[in-house]
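Q: Sequence and predicted structure below; questions after.
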Amino acid sequence: MRMSAKILLLAVVGGALVPIWGYWYAVNHASLQLHVDDYALKSPNRAYGAPHNVGIVLRDASSGQLAVARSVEPLGYILPIHPDPDTGNCEHRRESQEDYAACYERYSAWAATWAPLVRSADVTVGSCEVRAVPVAIHRSNDEWPVWWVPLRHIGGLPRQYFELAIAIDSRACAAVAREPGRLEPWAGR
């Protein structure tokens with residue numbers, strides 16, 4: 001009887017610690033998607049396009065610099081750059097899965113420290129430089145309770161997800177007010 005009580009206690013404690021660790025890990029690691037919606041690149045089918053050769057300085061509520069981001073060309077997606085050049089944006093580590101995983105571990109831990117604080121950005125597209133553009137942020141942290149479930153579609157360590165969206169018009173070289181329903185600014189919820 002005593003042995004079964006110990007096993008039950010161990011199962012209950014272990015069952016509680018796994019989700020707690022998953023939540024802690026998710027809060028301390030982030031995955032980012034950063035995009036600039038350029039209304040100067042409007043087409044008949046789209047209200048805006050994605051510009052190339054973009055440089056961004058992400059800022060907090062007091063206009064302090066949090067991170068610098070650049071577009072990765074020729075594809076044009078935008079990644080923040082870790083202050084340690086050995087980490088950078090981890091793109092240079094893609095040849096080795098182990099190197100990339102270790103780099104991304106550092107990168108995602110760093111991103112979690114500043115991503116929730118972003119409120120504005122200085123954006124450069126070509127010769128256009130727009131300062132103090134509001135950043136709309138969508139945050140999600142809903143996978144941590146099931147990160148340990150061994151299913152293909154779940155797998156991997158839990159992270160909180162941030163989508164940071166910036167709207168500009170590079171022709172007018174100005175910030176654009178975001179249309180209703182499209183990523184409302186996040187107020188730190």
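A: Received, thanks. Residues are numbered from 1 along each chain as shown.
Q: what's in contact with stretch 36-49?
A: With Cβ atoms under 8 Å, 6 or more residues apart in numbering as the test, stretch 36-49 has contacts from 50-51, 54, 56, 78, 123, 125, 165-172, 176, 179. For the C-beta atoms, the positions are set from N, CA and C on the backbone; glycine is no exception.
Q: For the residue minimising distance to the centre of the chain, pull up the helix or strand it's in.
A: The chain has L32 as the residue nearest its centroid, 1.5 Å off, counting by Cα atoms, centre = their mean. Following DSSP states H and E, one finds L32 within strand 30-38.
Q: Likewise for W110?
A: Using DSSP H and E, W110 sits within helix 97-114.
Q: Which strands or helices does the lengthiest helix in the chain pack on?
A: For the chain, the helix with the greatest residue count under DSSP state H is helix 2-27. In this structure, helix 2-27 makes packing contacts with no helix or strand, judged by 3 or more Cβ pairs under 8 Å, 6 or more residues apart in numbering; DSSP states H and E.
Q: List the buried residues of it.
A: By neighbour count on 16 or more other Cβ atoms under 10 Å, the buried set for helix 2-27 is 22-23, 25-26.
Q: could you check the angle helix 97-114 makes with it?
A: Counting by axes from the mean of the first three to the mean of the last three Cα atoms, to 10 degrees, helix 2-27 lies at 70 degrees to helix 97-114.
Q: Helix 2-27 - what's its average pLDDT?
A: Average pLDDT, helix 2-27: 78.
Q: Next: stretch 135-154.
A: Stretch 135-154 comes out at a mean pLDDT of 68.
Q: hang on, the earlier thing: for the residue nearest to the centre of the chain, give me its contacts.
A: Here L32 is in contact with 79-80, 111, 115, 161-164 (Cβ under 8 Å, 6+ apart).
Q: Show me those that map onto strands.
A: 79-80, 161-164 (DSSP state E).
Q: Near the nearest residue to S140 once chain neighbours are set aside, how many other residues are there?
A: Closest residue to S140 apart from its sequence neighbours, by Cβ to Cβ, 6 or more residues apart in numbering: Y161 at 4.5 Å. If you count neighbours by other Cβ atoms under 10 Å, Y161 ends up with 17.
Q: Show me what Y161 bridges to in the sheet.
A: Going by DSSP bridges, Y161 is paired in beta bridges with S31, S140.
Q: And the pLDDT for it?
A: 90.
Q: wait, V57 sits on R70?
A: No - with contact defined as Cβ atoms under 8 Å, V57 does not reach R70; the gap is 10.4 Å.
Q: okay, stretch 32-45 in CSV with CA atoms only?
A: C-alpha atoms of stretch 32-45 as CSV (Å, rounded to 0.1, in the frame of the first residue of the first chain):
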residue,chain,number,x,y,z
LEU,A,32,8.3,36.5,-33.9
GLN,A,33,6.6,37.4,-37.2
LEU,A,34,7.4,41.0,-38.2
HIS,A,35,6.0,42.5,-41.3
VAL,A,36,5.6,45.9,-43.0
ASP,A,37,2.4,46.6,-44.9
ASP,A,38,3.3,49.2,-47.6
TYR,A,39,0.1,50.8,-49.0
ALA,A,40,2.2,52.4,-51.8
LEU,A,41,2.4,48.8,-53.2
LYS,A,42,-1.4,48.6,-53.6
SER,A,43,-2.6,46.4,-56.5
PRO,A,44,-6.0,45.6,-57.9
ASN,A,45,-6.1,42.5,-55.7
